[in-house]
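[1] What would the 3D arrangement of this be:
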Amino acid sequence: MFIRSRSAVRSIALAIALAAPTLAQPSNSRDSRAGAPSGSESERVVITNDLCSNPALISGPGLFDWDNRNAGTDGLPHAACFFSSSAQIYKDIWAVWTASCDGPVTVETCGLTSLDTKIAVYATYQLPCPPTDPWLLTCADDSCGFQTKVTFTAVAGQNYLIRLGQYNAGAPGGTGQFRITCAASGVPSVCLNGSLCQDPNQSIGYTSSGGFRCADDFTLNASGVVDGVCWWGGYSGDIVADNFSITYYEDISGAPGRPVARFGGSQVSVRRTPTPRIIPVGVQEFGYSACHAPLTLIKGRRYWIEIVNNIGSTWYWETATTGGNFRQDPSPADPYTNSSVITADGGGLAFCLSYTTGCPIDANGDGVIDFLDLNLVLDRYGTACP
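    Numbering: from 1, shown residues only. Predicted coordinates:
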């Protein structure tokens, strides 16, 4: 076993214990504009912590003030942060956020600053400062104009390191706020440990009911078993009793081909949970989860998942922040010969697979045993199994 020396690893836990950074609470101002007053000056805490080893400590959902005008750049560039010819986040400031919920969490600067921002979020167990690629959970740039929105799956009570900075190395920095939104009620517990997730982007939904069906593709990095799925969507008109069917397909020439397995009726028990969000098509967002019989899938093969709500009214399957193209078919009959390729804000459809690999200690199913697997185990330590 390779063990890092203590001098080579400065963990966030150690930084918190020794440096004791200021605890920043969400702004309580009714005015959510960047730089707007949030109580008296003595009550207002602005995050300026420009060292990974000395982050601000924050918790709860809400708005948080920040100022990076005097910050340096001590974080590393990441391939996953490569946008518009730059993989670096300049003039970065740091905060450790303690999650108050299980499920998707959004961190964003949309409409809260004039600065061209970039955001990264890291797991914190045995985190080196500056963090390297294995600890990176998500990174984004230009999600809403020149501002940023990232979404990741959190576990209540666990810590996550937020890195916020700017795209332009030569810009003087600025001030603003970032918003943390926690959607605990929208995340079915069956997929809290899902290793293949395309989180909802609250952008739009596509009809997958009443004569239409949608399917999205995925590829596993390690062979294993899928025994459940979570997804997000909503209804046009009255909210009615669901009648979902879930079908997995092999890929043929970039489209769903031969069905591998189909689950519907009594074969799936779907749980539906409302979230606090509205999909921009004007409907309430719901999170769904379902367990089904174990299905063995092979590493490296391209598969498709189709989710259809067989009801009389219209049901929309929400789009995701990642995943690329997907397909919508106006004539639901195998095969997908009349389907259209859909590109929606660069993402696919929102779903997570409940997936375990043949290697029991590969906790995140990426085909590699590393610190991320250990972090997932420790994140769930002491919690009840779903």
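[2] from here on, contacts and neighbour counts on C-alpha atoms
    OK.
[3] in stretch 117-134, what counts as buried?
    Neighbour-count burial for stretch 117-134, counted by 16 or more other C-alpha atoms under 10 Å, picks out 117-129, 131.
[4] so which pair among the residues you listed is furthest apart in space?
    Using C-alpha to C-alpha, the pair of the buried residues of stretch 117-134 lying farthest apart is T117 and Q126, separated by 26.9 Å.
[5] Unless I misread the structure, S266 falls within a helix.
    Yes. When DSSP: H, G, I helix; E, B strand; the rest coil is applied, S266 is found to be in a helix.
[6] what number of residues lie near I58?
    22 (other C-alpha atoms under 10 Å).
[7] Touching, it and A99? I think so.
    No. Under the criterion of C-alpha atoms under 8 Å, I58 lies out of contact with A99, with a separation of 9.3 Å.
[8] if we can go back for a sec, any idea which of the buried residues of stretch 117-134 is closest to T296?
    A123 (29.3 Å).
[9] which residue sits closest to R272, ignoring its sequence neighbours?
    Y288 (4.7 Å; C-alpha to C-alpha, 6 or more residues apart in numbering).
[10] Model confidence score at that neighbour, please.
    As predicted, Y288 sits at a pLDDT of 90.
[11] So what pairs up with it in the strands?
    Y288 has the following beta-bridge partners by DSSP bridges: W231, R272.
[12] Hmm, C230 and it touching each other?
    Yes. A contact is recorded between Y288 and C230 when judged using C-alpha under 8 Å, the distance being 5.4 Å.
[13] who has more neighbours, these two?
    Legend: neighbour count by other C-alpha under 10 Å for Y288 and C230, higher for C230 (26 against 22).
[14] thinking again about what came up before, and the residue nearest to R272, how far is that from V270?
    From Y288 over to V270 the distance is 7 Å, taken as C-alpha to C-alpha, to the nearest Å.
[15] do the same with N338
    N338 is 29 Å from V270, where distance means C-alpha to C-alpha.
[16] who has more neighbours, the two?
    Using other C-alpha under 10 Å, the more surrounded residue of N338 and V270 is V270, with 20 against 13.
[17] How about the more buried one, nearest residue that isn't a chain neighbour?
    Distances taken as C-alpha to C-alpha, 6+ apart put A290 closest to V270, at 4.6 Å, once the chain neighbours are dropped.
[18] can you tell me which helix or strand the one you found belongs to?
    Of the helices and strands defined by DSSP states H and E, A290 is found in strand 283-297.
[19] Show me the contact partners of that strand.
    Applying C-alpha atoms under 8 Å, 6 or more residues apart in numbering, the external contacts of strand 283-297 come out as 186-191, 220, 223-236, 261, 263, 267-279.
[20] Sort out which residues of that strand are buried, please.
    283-292, 296-297.
[21] now swap in stretch 152-171 and tell me
    Neighbour-count burial for stretch 152-171, with 16+ other C-alpha under 10 Å as criterion, is recorded at 152-156, 158-168.
[22] which one among those residues gets closest to F244?
    Nearest to F244 among the buried residues of stretch 152-171: T153, at 24.5 Å, using C-alpha to C-alpha.
[23] Look up how far S289 lies from the closest one.
    Applying C-alpha to C-alpha, one obtains 15 Å for the distance of T153 from S289.
[24] Likewise for V268?
    9 Å.
[25] what's downstream of the strand holding A290, the next helix or strand?
    As assigned by DSSP H and E, the chain's next helix or strand after strand 283-297 is strand 302-309.
[26] Report the angle between that next one and strand 283-297.
    140 degrees (axes from the mean of the first three to the mean of the last three C-alpha atoms, to 10 degrees).
[27] Give me the residues contacting strand 302-309.
    Contact with strand 302-309 is made by 208-210, 213-220, 242-251, 255-256, 315, as judged by C-alpha under 8 Å, 6+ apart.
[28] And the nearest residue in space to S269 that is not next to it in sequence, how close does it get to S245?
    In space, not counting the residues next to it along the chain, S269 is nearest to A290; the distance is 5.6 Å by C-alpha to C-alpha, 6+ apart. The spacing between A290 and S245, counted by C-alpha to C-alpha, is 10 Å.
[29] overlap in contacts of those two?
    Residues touching both A290 and S245 (C-alpha under 8 Å, 6+ apart) are V268.
[30] Report whether Y249 is found in a strand, as I expect.
    Yes. Under three-state DSSP, Y249 sits within a strand.
[31] First-to-last residue distance for stretch 291-307?
    According to C-alpha to C-alpha, stretch 291-307 extends 13 Å from its N-terminal end residue to its C-terminal end residue.
[32] Kindly report the same for stretch 134-148.
    From its first residue to its last, stretch 134-148 covers 22 Å (C-alpha to C-alpha).
[33] which parts of it are buried?
    135-143, 146-148.
[34] What of stretch 221-239?
    Buried-residue list, stretch 221-239, by 16+ other C-alpha under 10 Å: 221-235.
[35] Dump that stretch to PDB, keeping only the CA atoms.
    What follows is stretch 221-239, C-alpha atoms only, in PDB (Å, rounded to 0.1, in the frame of the first residue of the first chain):
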ATOM      1  CA  ASN A 221     -16.400   1.700 -16.600                       C
ATOM      2  CA  ALA A 222     -16.600  -1.700 -14.900                       C
ATOM      3  CA  SER A 223     -18.900  -4.700 -15.300                       C
ATOM      4  CA  GLY A 224     -21.600  -5.000 -12.700                       C
ATOM      5  CA  VAL A 225     -25.200  -5.200 -11.700                       C
ATOM      6  CA  VAL A 226     -27.900  -2.500 -12.000                       C
ATOM      7  CA  ASP A 227     -30.800  -3.100  -9.700                       C
ATOM      8  CA  GLY A 228     -32.500   0.300  -9.600                       C
ATOM      9  CA  VAL A 229     -32.800   3.700 -11.200                       C
ATOM     10  CA  CYS A 230     -33.700   7.300 -10.200                       C
ATOM     11  CA  TRP A 231     -35.000  10.000 -12.500                       C
ATOM     12  CA  TRP A 232     -36.600  13.500 -12.500                       C
ATOM     13  CA  GLY A 233     -39.600  14.900 -14.400                       C
ATOM     14  CA  GLY A 234     -43.100  16.400 -14.200                       C
ATOM     15  CA  TYR A 235     -46.600  16.500 -15.500                       C
ATOM     16  CA  SER A 236     -48.600  18.800 -17.900                       C
ATOM     17  CA  GLY A 237     -52.000  19.200 -16.300                       C
ATOM     18  CA  ASP A 238     -53.300  17.100 -13.500                       C
ATOM     19  CA  ILE A 239     -50.900  14.900 -11.500                       C
END
